[in-house]
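[1] Predicted structure and sequence below. I'll ask about it afterward.
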Amino acid sequence: MGALFYVRLIGDTAGTLLQLFWLAVILAHRRRRNLERVLFFLCFSLFLYYSGSLLVVNAQIHYQVAPPALKTFATLMIGAALCLLPPLLVQIHVEYARIRGSLGSKGLRRAVLAAAYAPLLYFGLAVYPRLVAAGRLDFLFPASSFGSGYGLWLAASMAFAAAWQVRFAAVALRAERFYHSAFAVLLAAGGALALYLHLGGGPADPLLRAWLSASFVLLPIAPLAVLAYQVHKFRFLQIGGQKNLLYAVSAMFLAILYLSLVRRVGIWMEPALPPEATSAILLFALLIFVEPLQRALSGRLRATLHSEVDRQQRTSSEIQEVARQGSLFALTRFVEQRVKEVFGLAHVRLELGPPSSPEATGDDGSYAQRSFSLRRGADLIGTLYAEPYGALLSGETLAALDFLCEQLPGSLELCRLIEEKVQLERELAERERLALVGQMAASISHNLKNPLGSIKTILQVQLESPDLPERLRGETRLILEEVSRLSAKLNQLLQFSRPSVRADQSAAHCDARAVGEEAAGILRHEAASRGIRLETEWPESPLHVAASREALRDILANLLVNALEAVPASGRVQLRIAREAGSALLTLEDDGPGIPPEISARITQPFFTTKAQGTGLGLAIVSRRVAECGGRLDWQSPLKDGRGTRFQVTLPLGPEDARKEKGES
Ligand code: ADP
Ligand code: MG
């Protein structure tokens, strides 16, 4: 006994707790794949094995001769574990290979698994019941009770596993390659040891034999412990960090060992002291350690807290940094990405504004997702949804997310403000640029207007002179037309670039009937020359509208020109001005081709035109003037048989008419 006994005690305790840890981790992992299921059973078998052995080891402390019931129970556990371990070892490698896509056909997989499980029939159904019934298990090296055939089975499984690990190592990334190689070496060594102990009979010296078998038995602890560490440290296998569980398991490990020590020392001291007294003394002795333990623990806790706070602060300042770039969209994506990485979550979604309806979330199977409200004062400004890989968010993550969600509203607000500021600055710059362009256009048009006017007058005089040769007459008329067109365009450009006269707009008013008659009068001649019927309909009395004469002239002239340009020869254009429901209604109808629906939304944009010679400014001017007067512009097209357009301008009445209107009603 002696040292070996303690090695077994510590090893079995560690093995039992490690398997418990694994079982807890796997159970918490909601999306279980086959691999995890097999791993679960593998760990469960190991758990049975180690806890059975632990039972036996502890019984050795307590009893001279272990009671038969305990022996049977331990045999049940250990025997079951031994039967299941070799095939599970094979299956987990097969599953892992399948996930990696390095396993060929389904048939091959089935054959391998069948071969691995076949001996289970013999050992599980024939040997195991016999052993249990006889209660004869060599607890020091239980596998030997199953006979040498079992050793062959076990060694073959381990060799198979080792071969797969070599293959995994060959294709793995650098970090993983080390583990796969280590596993391969361990498994190969284990397989060789199994062969040596079972078939070769092992060393003659019973003590050496016992040591060898104990180390063989404790072999799986190392890789599983390393794996647990990896899971914890690198959030490997997509199983979230389980720090608390790790602490709990370690504490339990120490507690169990200490209790065993208490019992053991109690037996030693029995000649001098009753065991109860020794236990009491040893348990009280713990109190001596409370202080240093507390200090050690508090240091550890503080370090954990520090690193936690550090991590939080780093995340927060990163978020703040992104917030300063002033794009809410980018910030949202960044927060989702970062929180997901930092906390090892499966899904993170940040929604701004009021929460979406409950049925919009939740029924995509994500029942484990938790939502955190982001508040500013009493207002809910957004929600953070977090979905863990496992079934639950751990307490640490919850607390950290709560903390983060207290900080987030500040960053979001900052980001929003910056975004608004940037937007405003951009708009201002754009407006300045447009103003500059407008000024330039105005100055150019203004400077061209006068010379064009002179050219026009000279040409008109020339046309009237009888001296002009007939040959030049046609060309002169052509030039005159072009010049008129040019000055009309310049006129539009001037109208467009004229700053709004909003300030005195409120006071401005004019008689819509007079302006309408004037505008129609100017164009009537042109309409007649193209054979277009221009029909007009005026109100009986003057109709005062709250718009300046210039504004109304711009509106009517541009609409009229468009209508005249749209209709074919012998078409019809109708201008109606009427009083209606407390405002003035200007209607312009034509029977031209109409406005295709796909461009209808764009016709008022500056410079949008479908005409080869168009400026695209007419309707832009109209809609701007109408807006300046506080009116409304509508249009309908087509009107009937897929043709015709109707523009309607609603303008507020001027002060006089508005008063009259009130008096009437
Ligand atoms: P422009 O007349 O220089 O093209 P506008 O801003 O006056 O610019 O008009 C923009 C576009 O709206 C025109 O190119 C034309 O496609 C369409 N449009 C305007 N008025 C009419 C109308 N009465 N009938 C058909 N299309 C029209
Ligand atoms: Mg036009």
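    Now that the structure is in, tell me what you want to look at. Ligands and ions are numbered 1, 2, ... in the order given.
[2] Name the nearest residue to Phe168, ignoring sequence neighbours.
    Spatially, and ignoring its direct neighbours in sequence, Phe168 is nearest to His180 (4.4 Å; C-beta to C-beta, 6 or more residues apart in numbering). Quick note: C-beta positions are derived from backbone N, CA and C, even for glycine.
[3] What's the first helix or strand after the helix or strand where Arg300 lies?
    Using DSSP states H and E, Arg300 falls within helix 275-323. For helix 275-323, the succeeding helix or strand toward the C-terminus, using DSSP H and E, is helix 328-343.
[4] Three-state assignment for Arg375, please.
    Counting by DSSP: H, G, I helix; E, B strand; the rest coil, the backbone at Arg375 sits in strand.
[5] Quick check, pLDDT for it.
    Arg375 carries a pLDDT value of 86.
[6] right, and it touches Ile381 too?
    Yes. Here Arg375 reaches Ile381: they are 6.7 Å apart, a contact under C-beta atoms under 8 Å.
[7] out of these two, which sits in the busier spot?
    For Arg375 versus Ile381, neighbours defined as other C-beta atoms under 10 Å are more numerous around Ile381 (17 against 14).
[8] For the more buried one, pull up the helix or strand it's in.
    strand 379-387.
[9] So which other helices or strands are in contact with that strand?
    helix 328-343, strand 347-352, strand 370-376, helix 395-464 (3 or more C-beta pairs under 8 Å, 6 or more residues apart in numbering; DSSP states H and E).
[10] how about the helix or strand containing His180: buried residues?
    Secondary structure here is read from DSSP H and E; on that basis His180 sits in helix 174-198. Using 16 or more other C-beta atoms under 10 Å as the test for burial, helix 174-198 gives 179-181, 183-184, 186-188, 190-191, 193-198.
[11] Same question for stretch 444-452.
    Applying 16+ other C-beta under 10 Å to stretch 444-452 flags 445, 452 as buried.
[12] What distance do you get for the one residue in the chain that gets nearest to ligand 2 to Gly521?
    Across the chain, the shortest distance to ligand 2 (C-beta to the ion) belongs to Gly618, at 2.7 Å. When distance is defined by C-beta to C-beta, to the nearest Å, Gly618 is 19 Å away from Gly521.
[13] Give me the more crowded residue out of those two.
    A direct count of neighbours by other C-beta under 10 Å for Gly618 and Gly521 places Gly618 higher, at 25 against 10.
[14] before we move on, which element is the closest residue to the more buried one other than its chain neighbours in?
    With C-beta to C-beta, 6+ apart as the measure, Asn558 is the residue that lies nearest to Gly618, at 4.0 Å, once sequence neighbours are left out. In the assignment (DSSP H and E), Asn558 maps to helix 549-566.
[15] Dump that helix to CSV, restricted to CA.
    Output of helix 549-566 as CSV, limited to C-alpha atoms (Å, rounded to 0.1, in the frame of the first residue of the first chain):
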residue,chain,number,x,y,z
ARG,A,549,-46.4,87.9,-58.8
GLU,A,550,-43.0,86.6,-59.8
ALA,A,551,-43.5,83.3,-58.1
LEU,A,552,-46.9,82.7,-59.6
ARG,A,553,-45.6,83.7,-63.1
ASP,A,554,-42.8,81.1,-62.7
ILE,A,555,-45.3,78.5,-61.7
LEU,A,556,-47.7,79.1,-64.5
ALA,A,557,-45.2,79.7,-67.2
ASN,A,558,-43.3,76.5,-66.6
LEU,A,559,-46.4,74.4,-66.3
LEU,A,560,-47.8,75.9,-69.5
VAL,A,561,-44.6,75.5,-71.4
ASN,A,562,-44.4,71.8,-70.4
ALA,A,563,-47.9,71.2,-71.5
LEU,A,564,-47.4,72.9,-74.8
GLU,A,565,-44.3,70.9,-75.3
ALA,A,566,-46.1,67.7,-74.5
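[16] hang on, Leu137 packs against Ile78?
    Yes. Using C-beta under 8 Å, Leu137 makes contact with Ile78 at a distance of 6.4 Å.
[17] which strands and helices sit next to the helix holding Asn558?
    By 3+ C-beta pairs under 8 Å, 6+ apart, helix 549-566 packs against helix 470-497, helix 512-529, strand 572-580, strand 583-590, helix 618-628, strand 645-652.
[18] and if we set it to 6 Å?
    helix 512-529, strand 583-590, helix 618-628 (3 or more C-beta pairs under 6 Å, 6 or more residues apart in numbering; DSSP states H and E).
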